[in-house]
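Chemist: I would like the atomic coordinates for the input below:
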Amino acid sequence: MGGTASAIGHVPPIMTQPRSRRIRFEDFDVDLVERRLYRNGEPVELQSKGFAFLAALLQRPGETVSRYELASELWPGVYVQVHQGLNAAVRKVRRALGDSAYAPRFIQTIGSIGYRFIGTIRAEDRPTGRPHSGDLFA
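Modeler: All right, here's what the predicted structure looks like:
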């Protein structure tokens, strides 16, 4: 279990309480309560910051989540430069998903503003409780 989100000291909260326990997209299954990522039923190692980053985007699919919001979520109460840590988190998530910054399938960078999840979440797993507000940058 070493290196997984549940085995590392501080586990950052997810932006809001999960609206759904599991979210599925392509070959991936994300358990927001157990804080685990699976591909084809097999666990994929992802540390706590990377998991919190992915979970924040999955709970707002198609929406741009600002770097500021993500940094506040991953490092609450820290008032120092966290850009390197955020860049490291997105790199680790992309590696775990087999994604690319240059030809993204899941995580899209929106300039220096933030990130958005662009993969297709299975309809029955879509987070509920908040209407999709659209994207200001579309």
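Chemist: so which residues of this protein form strands?
Modeler: Chain-ordered strands for the chain, with DSSP state E as the definition, fall at 22-25, 28-31, 36-39, 42-44, 65-66, 107-110, 114-117.
Chemist: just put these in CSV and tack on mean pLDDT.
Modeler: Supplementary listing: the strands of the chain in CSV, determined by pLDDT from 0 to 100:
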stretch, mean pLDDT
strand 22-25, 94
strand 28-31, 95
strand 36-39, 96
strand 42-44, 96
strand 65-66, 96
strand 107-110, 96
strand 114-117, 96
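Chemist: so which of those is the most packed in?
Modeler: Compared across those, strand 114-117 shows the largest average neighbour count, a mean of 22 (mean count of other C-beta atoms under 10 Å). Where you see a C-beta, it was placed from the backbone N, CA and C, and this is true even at glycine.
Chemist: strand partners of it, parallel vs antiparallel please.
Modeler: The strands beside strand 114-117 in its sheet (DSSP bridges) come out as strand 65-66 (antiparallel), strand 107-110 (antiparallel).
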